[in-house]
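1. I would like to see how this sequence folds:
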Amino acid sequence: MNKILIILICLLNLQAFGQNEWESWDKNYTEVSLTDICNAEKQYAERVEQDKNIPQYYARIDKYKIKAKYLGEFKKLDAQVLNSMKNVFTLYIGNPDQLNEMVKNKCLFEIEGYRIWLPVQKVLEKSLKKELKNGDNVTLYCLFMNEHSHDGHLSNIFFVSEFR
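-> Numbers count the residues shown, from 1 in each chain. The predicted model follows:
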């Protein structure tokens, strides 16, 4: 009887640990509207550009989750997007060369009525293709990288690092 009780307690603890681990990870990502984030960043960039006393180069990083529809198309990531990612990565995370191994392609999603290409971690590409069908709804967990260059170019990049 004692052995059965100990096994039952262990199994319940393992199940609770697994749920808590996912839940605590999930809570690190704020659910947002991609459109709202991009509009807010554009408005902020316009204010910065109007006041030349403010440094014109800035960047930021955050973690967001967004609802999307998987459209199943992949293509090579643009060099300009990768360079912007590397600039922000350098400021906030470290060695930008890590990205060379982490990202190669972007994937097409429908988000809030817009068809949008998002860079996707290499390790997720096979899982996306295997686990999702075109048109499936999915939650994307993204590392958001924002860069506003001296010449006024604004990059808002949602780097897909997980999905559910």
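
2. what's next to stretch 69-86, contact-wise?
-> By Cβ atoms under 8 Å, 6 or more residues apart in numbering, the residues outside stretch 69-86 that reach it are 96, 99, 103-111, 115, 117, 119-120, 125, 128-129, 132-138, 145, 147, 155, 157, 159. No exception for glycine: its C-beta is placed from N, CA and C like everyone else's.

3. now do the same end-to-end measure for that stretch.
-> This stretch, stretch 69-86, spans 27 Å end to end (Cα to Cα, to the nearest Å).

4. mean confidence for it?
-> Mean pLDDT, stretch 69-86: 97.

5. how far is it from where the chain is centred?
-> Put simply, stretch 69-86 sits 12 Å off its chain's centre (Cα atoms, centre = their mean, to the nearest Å).

6. what residues sit buried inside that stretch?
-> 69, 70, 71, 74, 77, 81, 82, 84, 85, 86 (16 or more other Cβ atoms under 10 Å).

7. any idea how far residue 112 is from the fifth one?
-> Applying Cβ to Cβ, to the nearest Å, one obtains 22 Å for the distance of residue 77 from residue 112.

8. and if you look at the first one?
-> Relative to residue 112, residue 69 is positioned 10 Å away (criterion: Cβ to Cβ).

9. count of neighbours near residue 142?
-> By the criterion of other Cβ atoms under 10 Å, residue 142 has 24 neighbours.

10. sheet partners, orientation included, of the helix or strand encompassing it?
-> If you go by DSSP states H and E, residue 142 is part of strand 137-148. Here strand 137-148 is paired, per DSSP bridges, with strand 58-76 (antiparallel), strand 154-163 (antiparallel).

11. please list all residues in contact with the residue most central in space within the chain.
-> When Cα atoms, centre = their mean is applied to the chain, the residue found nearest the centroid is residue 142 (1.2 Å). By Cβ under 8 Å, 6+ apart, the residues touching residue 142 are 29, 63, 64, 65, 66, 118, 158, 159, 160, 161.

12. over to residue 62?
-> Applying Cβ under 8 Å, 6+ apart, the residues near residue 62 are 30, 143, 144, 146.

13. residue 35 now?
-> 111, 112, 114.

14. on the three-state scheme, it is what?
-> Recorded secondary structure, residue 35: helix (DSSP: H, G, I helix; E, B strand; the rest coil).

15. and the pLDDT for it?
-> pLDDT at residue 35 comes out at 97.
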